[in-house]
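S.K.: Sequence first, then the predicted structure, then my questions.
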Amino acid sequence: MNEQTDILVIEDSPSQALWFKLLLQRARYRVSIATDGAAGWRQACIDPPRLILLDIDLPSLDGFQVLLRLKRDRTTATIPVIMLTHREHISNVLRALEMGAADYLFKDDASAQLCSAVDQLLHVQVHQA
């Protein structure tokens, strides 16, 4: 890959993953998709993105397992992670933040808030570099 992927979307729902990808591409981000936790973790290690959008409910490794691995690996530890969850799983939000997630979005609100959350985290990341 010639240019670094801006955002890795780790989401097992093909329709949601495509929707997030289209929204982010419209905002001029380079996006790749992984459809399960293990594949997403491997992809992040091989080609570290600038940001990861991570669903909690995933096959093979769930989002918490992926987040834990990402934060323990020197290559991926500083990549900001936005967790995706459903509103009825609000207890997951605190757990994700305690584990090192930079932010979270409820899937119901993601369309309206996704690009601004990504812009904010990537803007902060650029200024800290």
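M.R.: Thanks, I have the structure now.

S.K.: can we go C-alpha only for contacts and neighbour counts from here?
M.R.: OK.

S.K.: who's in contact with Phe64?
M.R.: Ile56, Ala96 (C-alpha atoms under 8 Å, 6 or more residues apart in numbering).

S.K.: Can you name the element that comes right after the helix or strand encompassing it?
M.R.: Using DSSP states H and E, Phe64 falls within helix 63-72. Next in sequence after helix 63-72, counting helices and strands by DSSP H and E, comes strand 81-85.

S.K.: can you state the direction angle for the helix or strand following that following strand and strand 81-85?
M.R.: Going down the chain from strand 81-85, the next helix or strand is helix 91-98, by DSSP H and E. Relative orientation of helix 91-98 versus strand 81-85 (axes from the mean of the first three to the mean of the last three C-alpha atoms, to 10 degrees): 170 degrees.

S.K.: Which helix runs longest in the chain?
M.R.: Counting residues, the longest helix found in the chain (DSSP state H) is helix 110-128.

S.K.: Show me the contact partners of that helix.
M.R.: Looking at what lies outside helix 110-128 - C-alpha under 8 Å, 6+ apart - the contacts are Phe20, Leu23, Leu24, Ala27, Arg50, Leu51, Pro80, Ala102, Asp103, Leu105.
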